[in-house]
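**Student:** what's the 3D shape of this:
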Amino acid sequence: MPDTPRRWWRTLRVRVTALVTVAVAAALAVASVVLVLTMRGTLIGEVRQTAEAEVARVAAELEQGRTPTEGEWSAVSGFTMIQVRDEQGRLLAELPEPAAEAAAERPAVPDADGGDAAERRAADADASPGPAADELVVAERTVTTPDGVLTVVAASRIGPAAHGVDLVVNALMVAAPLLTLFVAVLAWFAVDRSLRPIEAVRRRAEAISHANLGERLPQAATGDEVERLTATLNAMLDRLDAGARRQREFVSDASHELRTPLAAMRAEIEVARAHGTASGWRATADRLLADHRRIERLTGDLLLLARFDDGSVARRAEPVRLDELVAGELAALTRAEAAASLRPVQVRGVPAELARLVRNLLDNADRYSAGRVAVTLAAEPGSEPGAGTAVLTVDDDGPGIPPDQRERVFDRFYRLDGSRDRSSGGTGLGLALARRIARAHDGDVVVAAAPLGGARFTVRLPAAD
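**Tutor:** Next up is the predicted model:
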């Protein structure tokens, strides 16, 4: 299947850079809007407070019957104007008094009848009105004075404040895109640098195949996610390498084990055909039948091991009386005398598999014993309720197993020297199957020296209530 062509806009580098750029641009846009709105609100609020303060000050003077003099208006802001009107809305005073040349530029304050004082003065002087005034913030207060009810109106222009906001907006219009571009370039180079080790790992992984599973990915001691990913992939390669090696060994051993009885059967047939007599064919048939049974048992063991290797195979566990199962398998002892001590113990598992485990251990003890086999079954209490353990021991009085080979006897097709060889009739898979079955039931099988002088195989399985 040809590789799918890579599109540059689908690469992780482009996607991460685009995501970061869009996120920064959105954040800058939101922050800019919030900044401008906050600044505008603050500045206009200050202008409004100034107008209200001037109105309050003048109103307080008028309530006391005093009219502020020109000197008392020096504190009035240059863009704030105060007017005093009577009940009919007539303009009584305007402070500070505008100069003639600046009359057209002062704020236009609405009067009571909808016009404004500036327009009225312009009409009275037969002059045209000045240019449009800035937006105003107006504050007013009606007070009772010795001269009657008066209204104090203060108007402040927000033009200077708006001008400051405009400067900030113009600055943000330039700075925000430049900052976004800078972040995009920075993100591009940062992502590119971060992905370089991953690209090196990818190229190395692409070169590893079944023929060179012993090679490993380059792992830099950076302490980051890339190092952990590389370590995980190398551990996976270790498992794949070990599995492939076991598979090769298994295939080689299985072919050798199958070839041996087949060669023997062929030799028997050829000898019988060339030199046999009619009376000798029965003995030949018996030997061929024994070899056939050996092949049948070997292929059965291989299929069962393959089933355990395939973790997807469904297994139905159920309560099993282990003492009854062991008692039923004692008939497998044909050479040795058995001494059994079986306590009632219940476990949970697959009965056929547990029977195969017990049968293999008993068959192994019977094959290599000198004449005696002891079988015991008991239950050990656990530290918590319902956490007990079923313990099955099978002892023989045979040659035993050296300590340095007690783990290797559970390997497939492994045989000890001396009496434990192929001539004894074993396939070399019985103990391997026993351990696999025990571990599939959350237990284990170990071997040690037996009190009888031979080997003791101990099986531990979780007990069931």
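
**Student:** With just CA atoms, put stretch 47-66 into CSV.
**Tutor:** The C-alpha trace of stretch 47-66 is given here as CSV (Å, rounded to 0.1, in the frame of the first residue of the first chain):
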residue,chain,number,x,y,z
VAL,A,47,-14.5,64.2,33.6
ARG,A,48,-18.0,63.6,35.0
GLN,A,49,-16.7,63.8,38.6
THR,A,50,-15.0,67.1,37.8
ALA,A,51,-18.2,68.6,36.4
GLU,A,52,-20.2,67.3,39.4
ALA,A,53,-17.6,68.8,41.8
GLU,A,54,-17.8,72.2,40.2
VAL,A,55,-21.6,72.2,40.3
ALA,A,56,-21.6,71.3,44.0
ARG,A,57,-19.1,74.0,44.8
VAL,A,58,-21.0,76.8,43.0
ALA,A,59,-24.3,75.6,44.3
ALA,A,60,-23.0,75.8,47.9
GLU,A,61,-21.9,79.4,47.3
LEU,A,62,-25.2,80.4,45.8
GLU,A,63,-27.2,78.8,48.7
GLN,A,64,-25.3,81.1,51.0
GLY,A,65,-26.2,84.2,49.0
ARG,A,66,-22.7,84.6,47.5
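
**Student:** buried sites along that stretch?
**Tutor:** By 16 or more other Cβ atoms under 10 Å, the buried positions in stretch 47-66 come out as Val47, Arg48, Thr50, Ala51, Glu52, Glu54, Val55, Arg57, Val58, Ala59, Glu61, Leu62. For the C-beta atoms, the positions are set from N, CA and C on the backbone; glycine is no exception.

**Student:** okay if I get those as TSV plus pLDDT, distance to Pro344 and secondary structure?
**Tutor:** TSV is the format used below for these (pLDDT from 0 to 100; distance: Cβ to Cβ, whole Å; DSSP: H, G, I helix; E, B strand; the rest coil):
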residue	pLDDT	distance to Pro344	secondary structure
Val47	81	96	helix
Arg48	83	94	helix
Thr50	80	99	helix
Ala51	81	100	helix
Glu52	84	97	helix
Glu54	81	104	helix
Val55	83	103	helix
Arg57	83	105	helix
Val58	82	108	helix
Ala59	83	105	helix
Glu61	80	111	helix
Leu62	81	111	helix
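
**Student:** In those residues, find the pair that's most separated.
**Tutor:** Val47 and Leu62 (22.9 Å; Cβ to Cβ).

**Student:** Where do the strands of the stretch 251-400 of the chain begin and end?
**Tutor:** 318-321, 337-342, 346-349, 372-380, 389-396 (DSSP state E, counting those that start in this stretch).

**Student:** right, so those strands: which one is the most enclosed?
**Tutor:** Mean neighbour counts were compared across the strands of the stretch 251-400 of the chain using mean count of other Cβ atoms under 10 Å; the top stretch is strand 389-396, at a mean of 23.
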